[in-house]
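Engineer: structure, please.
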Amino acid sequence: MSNDQFQDWLAMIGLGRTLQLYDDALATDFEDEFNDRLQKLNEFANEELADEDTTE
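Structural biologist: Purely as a prediction, here's the structure:
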């Protein structure tokens, strides 16, 4: 892992932690909603990839 990749990785962890702290402090459902949307996006992407594999 290069230095730039490591710094990007640390930044992503920091951003994720900041969102968790925000969610906890304000008692919002942001994290749950984000996880639900991310799961739906992941399922959609997997379906698209499966469709590409069957058409080739």
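Engineer: helix, strand or coil for the spatially most central residue of the chain?
Structural biologist: Using Cα atoms, centre = their mean, the residue of the chain that lies closest to the mean C-alpha position is Leu38, 5.9 Å off. Following DSSP: H, G, I helix; E, B strand; the rest coil, Leu38 is assigned to helix.
Engineer: what's the answer for Trp9, then?
Structural biologist: Classified using three-state DSSP, Trp9 is helix.
Engineer: hmm, back to that, give me the pLDDT for the residue nearest to the centre of the chain.
Structural biologist: Leu38 carries a pLDDT value of 86.
Engineer: from Leu26, how far off is it?
Structural biologist: Separation of Leu38 from Leu26 (Cβ to Cβ, to the nearest Å): 20 Å. In this view, the C-beta of every residue, glycine as well, is placed from N, C-alpha and C.
Engineer: for Ala50, same thing?
Structural biologist: 38 Å.
Engineer: got it, and Phe6?
Structural biologist: In terms of Cβ to Cβ, Phe6 sits 31 Å off from Leu26.
Engineer: where does this structure have low pLDDT?
Structural biologist: Applying pLDDT under 70 to the chain flags residues 55-56.
Engineer: do that again at 80, thanks
Structural biologist: Residues of the chain meeting the criterion pLDDT under 80: 1, 28-31, 52-56.
Engineer: all the helices of it, residue numbers only.
Structural biologist: 3-26, 30-55 (DSSP state H).
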